[in-house]
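Asks: Output the structure for:
(2 chains)
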Amino acid sequence: MSAGSRRLSFLGVGVAPVLIVSALVGSAAVGLADADGDSRRSGFDFMGPQTQAMQGDDTSNPGMLAVLEGEDIWNRKAGAADKSCADCHGDAARSMHGVAAHYPAFDTGTGGPINLDQRINTCREKNQEAEPFPWESAEILALSAYVGLQSRGMPVQVGDDARLAGAIKAGDEAFHRKQGQLDFSCADCHDANWDRKLGGSVIPQGHATGYPIYRLEWQSMGSLQRRLRNCMAGVRAEPYSYGSPEFVELELYLMSRSRGMAVETPAVRP
Amino acid sequence: MIGVVLALALLPYTVVGDAVPAPLVEAPGDPARGRAVVTSRQRGLCLLCHTGPFPEERFQGDLAPSLAGVGSRLSEGQIRLRLIDSRRLDPGSIMPSYYRTDGLERVGAAWRDKPVLSAEEIEDVVAFLATLRD
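Replies: Modelled structure (predicted):
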């Protein structure tokens, strides 16, 4: 085992082998500049140049494989209705342009916030009359990556819907609540100690602008909720369940903090 | 995996000033075992936040002061309280309380009602940290 593949167990951080060394080191730049005094920084800005280059070049970004699979699913007929996403929505590059930048969003059906995966599955159940994709399945990650890509580079738009004010506040409180045997809040690391090192890993500010991501430590795609579960396990807390209101509220709060930052889906993270 | 969960009762201790002068257990701590706990990323977790004189350990954190010289800065009793319940001294500290089970929220099932370290491990770590004098 090489030193570079050594894993750290705390907070799910680790150093995985770099899969693809791009020749385009230094060419990628999707992090926000702070010309107007904005001190917010994408996780992209905390990564090494090789990982940045991997994200920045679509021919080396492993997340693009999920995007391709998502495009395939978009065009494939499914369910009792025998309809594809494209049968109703047409060309995703037009119909889904900017859509993911608004998620999590208010859902009139449930009267609360739902994330993009839940929106996709709701549509799948209601309109395709198909089984929802399981949480973290390759299919839902692929489809959300494909829909997410249609907002890449656009500013996050979450946070201005008054109907979600209560849910954002609940997510804010969860972010600042100490949890687990180690008694840490999200804010203890991501507000108070960003840019410092936890083990060998730099702590980012927690702007979830690139999900679903390809995470080198996972060697796969994963959702924000999967990433949050890693952190919760790291502080030895009982993770929230996939799709639970607590998780969607936290997701909503995180995205509202990132309002105006550029969507990076599909991002690559260490 | 054996699913036995032991509700581990904590041993009592007495705080004097900013220290717990008396060891938690009678058997003296073992510095070699303590070093193993400190450098373990599963047991002690120390190097996730602290650096220290451990040249073989890559990936040391920088969220907290270096452990180098801690044995000359603090007495064994002071080290002991900082391990047992650091937040008693500084509620804003991110240093976890290693020997405390109350006042915690949503503790994972595998960790519930257990301190991070046992009383014996606390004494091993105290004995080891006291040797870090430079």
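Asks: Show me which residues of chain B sit near chain A.
Replies: With C-beta under 8 Å from any C-beta of the partner chain as the criterion, chain B comes near chain A at residues B:41-42, B:45, B:47-49, B:58-63, B:87, B:94, B:96-97, B:104-112, B:114, B:116. Where you see a C-beta, it was placed from the backbone N, CA and C, and this is true even at glycine.
Asks: Buried ones among those?
Replies: B:41, B:45, B:47-49, B:59-61, B:63, B:87, B:94, B:96-97, B:104, B:106-108, B:111, B:114, B:116 (16 or more other C-beta atoms under 10 Å in any protein chain shown).
Asks: Excluding chain neighbours, what is closest to the single nearest residue of the stretch 51-200 of chain A relative to chain B?
Replies: Checking the stretch 51-200 of chain A residue by residue against chain B with C-beta to the nearest C-beta singles out residue A:200 as nearest, at 2.9 Å. Nearest residue to residue A:200, sequence neighbours excluded (C-beta to C-beta, 6 or more residues apart in numbering or on different chains): residue B:59, at 2.9 Å.
Asks: Hmm, residue B:70 is touching residue B:128, no?
Replies: No. With the criterion set as C-beta atoms under 8 Å, residue B:70 and residue B:128 do not qualify as a contacting pair; they are 10.0 Å apart.
Asks: And the helices in the stretch 151-270 of chain A?
Replies: Listed in chain order, the helices of the stretch 151-270 of chain A (DSSP state H, counting those that start in this stretch) span residues A:165-175, A:186-190, A:224-234, A:245-257.
Asks: Check the stretch 1-150 of chain A too.
Replies: Using DSSP H, counting those that start in this stretch, helices in the stretch 1-150 of chain A cover A:49-56, A:63-74, A:85-89, A:92-95, A:116-127, A:138-149.
Asks: Check chain B too.
Replies: B:31-39, B:46-49, B:70-73, B:76-89, B:119-129 (DSSP state H).
Asks: ok now the third one, how far from the chain's centre?
Replies: Once both centres are worked out by C-alpha atoms, centre = their mean, to the nearest Å, helix B:70-73 turns out to sit 15 Å from its chain's centre.
Asks: For it, what does the pLDDT average out to?
Replies: The average of the pLDDT scores along helix B:70-73 is 98.
Asks: which residues touch it?
Replies: Under the contact criterion C-beta atoms under 8 Å, 6 or more residues apart in numbering or on different chains, helix B:70-73 has outside partners B:79, B:129-134.
Asks: For chain A, what's the nearest residue on chain B?
Replies: For chain B and chain A, the shortest gap (C-beta to the nearest C-beta) falls at residue B:59, measuring 2.9 Å.
Asks: Ramachandran coordinates for that residue?
Replies: Phi and psi for residue B:59, reported as degrees, to the nearest 10, are phi 60, psi 50.
Asks: So it is in contact with residue A:199, correct?
Replies: Yes. Taking contacts as C-beta under 8 Å, residue B:59 lies within contact range of residue A:199: 4.6 Å.
Asks: Point out where chain B drops to low pLDDT.
Replies: Under the criterion of pLDDT under 70, the regions of chain B flagged as low confidence span B:1-8.
Asks: Provide a list of residues in contact with the residue nearest to the spatial centre of it.
Replies: Nearest residue to the geometric centre of chain B (C-alpha atoms, centre = their mean): residue B:83, 3.8 Å. With contact taken as C-beta under 8 Å, 6+ apart, residue B:83 is in contact with B:98-99, B:117, B:122, B:125-126.
Asks: so can I have JSON lines of the residues you listed showing distance to residue A:40 and neighbour count?
Replies: Listed next are these as JSON lines, based on distance: C-beta to C-beta, whole Å; neighbours: other C-beta atoms under 10 Å in any protein chain shown:
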{"residue": "B:98", "distance to residue A:40": "34", "neighbour count": "23"}
{"residue": "B:99", "distance to residue A:40": "38", "neighbour count": "22"}
{"residue": "B:117", "distance to residue A:40": "37", "neighbour count": "20"}
{"residue": "B:122", "distance to residue A:40": "40", "neighbour count": "27"}
{"residue": "B:125", "distance to residue A:40": "38", "neighbour count": "27"}
{"residue": "B:126", "distance to residue A:40": "42", "neighbour count": "28"}
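Asks: Quick check: residue A:215 touching residue A:224?
Replies: No. The criterion here is C-beta under 8 Å, and residue A:215 misses it with residue A:224 at 11.0 Å.
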